[in-house]
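Trainee: My questions concern the predicted model and sequence given below.
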Amino acid sequence: MHSRKCAGSSMEVALNNYLGPDDIQTGSWIETMCENGKMNKKAIKDTFFSSSSLGKTFKQITTNLISGRGINLPRVVNTSIKHKYQDSLGVNPACPTAEMVMRYDPESWKNYFKFTFVRNPFDFEISDYFWRTKTLDKKLDFKEFLKRKLKIKDDPEGVVPFPKTNWSIYSINNEVVLDYIGIFEELNHHLNFIGKRIGLPLDIDTFPKVKSNTEKLSNFKDLYDDENKEMVYTLHKQEFEYFKYTYPY
């Protein structure tokens, strides 16, 4: 289960090497293909031979050709596959909630080993802030970003992601429902455990590092006044209670 800003894209890139022909990868195709990952049979079918995504694929290719930029195949694949699964996995099928996945494939949900990673909410919000605002023409400050997540302010640019936090990705009705939750701050230890559990060589030394070049402040503490701290506590109330995270700076 792909928790946002918790090395989920790196995990998908790593697991791409082991996809079977009918396995579904719903996101991180740009990162995967840039790291020389391959489309399996299911990805090819979902991109080029699915009635629900074919129009999206054709539109992207046509737009690329008309603009003279050439075809950006990784982006075409990523966008088309996400579009294919939006009806069944929600507006962000790359990071679907636990409830959506359970409803989509209840048999697999019952029988598969289900895992994810969590991250200190204070660190998560900083990472999410820089990632979600990096392409804005006008700079958005951190306080404004948190207020938009809490719906205190409007969000005309659509910087607030879905889901806003990762809680619903590993819980249903506020109950954690996965088999294992790794800790991002102890990534190597948990990677080793998960690798042994699923029989794959997952190791921090060979684990791909993607989406890690986003500009960040050298001192995260500068972003946190009392108001910002309180907003993070409000946004992540369940995570603080369940995982016992504290302010790290």
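Mentor: Yes, it's here.

Trainee: do you know how far Cys95 is from Ile172?
Mentor: According to Cβ to Cβ, to the nearest Å, Cys95 stands 15 Å off from Ile172. The way it works is simple: take the backbone N, C-alpha and C, and place the C-beta from them, glycine included.

Trainee: So between the two, which is more surrounded?
Mentor: Cys95 (25 against 15; other Cβ atoms under 10 Å).

Trainee: So that one sits against Ser9, correct?
Mentor: No - counting by Cβ atoms under 8 Å, Cys95 does not reach Ser9; the two are 10.0 Å apart.

Trainee: list residues touching both of the two?
Mentor: 2, 27 (Cβ atoms under 8 Å, 6 or more residues apart in numbering).

Trainee: where does this protein dip in pLDDT?
Mentor: 212-218 (pLDDT under 70).

Trainee: need the strands for it, in chain order.
Mentor: Shown for the chain, the strands assigned by DSSP state E span residues 115-118, 171-172, 175-176, 180-183.

Trainee: Residues touching the third one, excluding its own?
Mentor: Contacts with strand 175-176, where a contact means Cβ under 8 Å, 6+ apart, come from 170, 242.

Trainee: Neighbouring strands - and their directions - for that strand?
Mentor: Strand 175-176 has the following strand partners under DSSP bridges: strand 171-172 (antiparallel).

Trainee: Check the offset of the partner strand from the chain's centre.
Mentor: 17 Å (Cα atoms, centre = their mean, to the nearest Å).

Trainee: repeat for stretch 156-174
Mentor: 10 Å.

Trainee: And for stretch 138-153?
Mentor: 20 Å.

Trainee: what residues does it touch?
Mentor: Taking Cβ under 8 Å, 6+ apart as the rule, stretch 138-153 contacts 125-126, 129, 132-133, 154-155, 157, 159-160, 164, 223, 225, 227-228, 231-232, 234-235.

Trainee: Stretch 138-149: which residues count as buried?
Mentor: Burial within stretch 138-149, assessed by neighbour count using 16 or more other Cβ atoms under 10 Å, is assigned to 142-149.

Trainee: Which of those fall in helices?
Mentor: Within the buried residues of stretch 138-149, residues falling in helices by DSSP state H are 142-149.

Trainee: want to throw the strands of the chain into a markdown table with distance to Leu200?
Mentor: Putting the strands of the chain into a markdown table (distance: least, Cβ to Cβ, whole Å) gives the following:
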| stretch | distance to Leu200 |
| --- | --- |
| strand 115-118 | 12 |
| strand 171-172 | 26 |
| strand 175-176 | 24 |
| strand 180-183 | 14 |
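
Trainee: Can you check the distance spanned by stretch 210-228, start to finish?
Mentor: 28 Å (Cα to Cα, to the nearest Å).

Trainee: which one's the longest helix in this protein?
Mentor: Ranking each helix of the chain by length (DSSP H) puts helix 73-89 first.

Trainee: Wait, Pro121 touches Tyr242, no?
Mentor: No - taking Cβ under 8 Å as the definition, Pro121 is not a contact partner of Tyr242, at 11.2 Å.

Trainee: higher neighbour count, the two?
Mentor: Shown here are Pro121 and Tyr242; by other Cβ under 10 Å, Pro121 has more neighbours (23 against 17).

Trainee: which residue packs closest to the more buried one, ignoring adjacent ones?
Mentor: Nearest non-adjacent residue to Pro121, counting by Cβ to Cβ, 6 or more residues apart in numbering: His236, 3.7 Å away.
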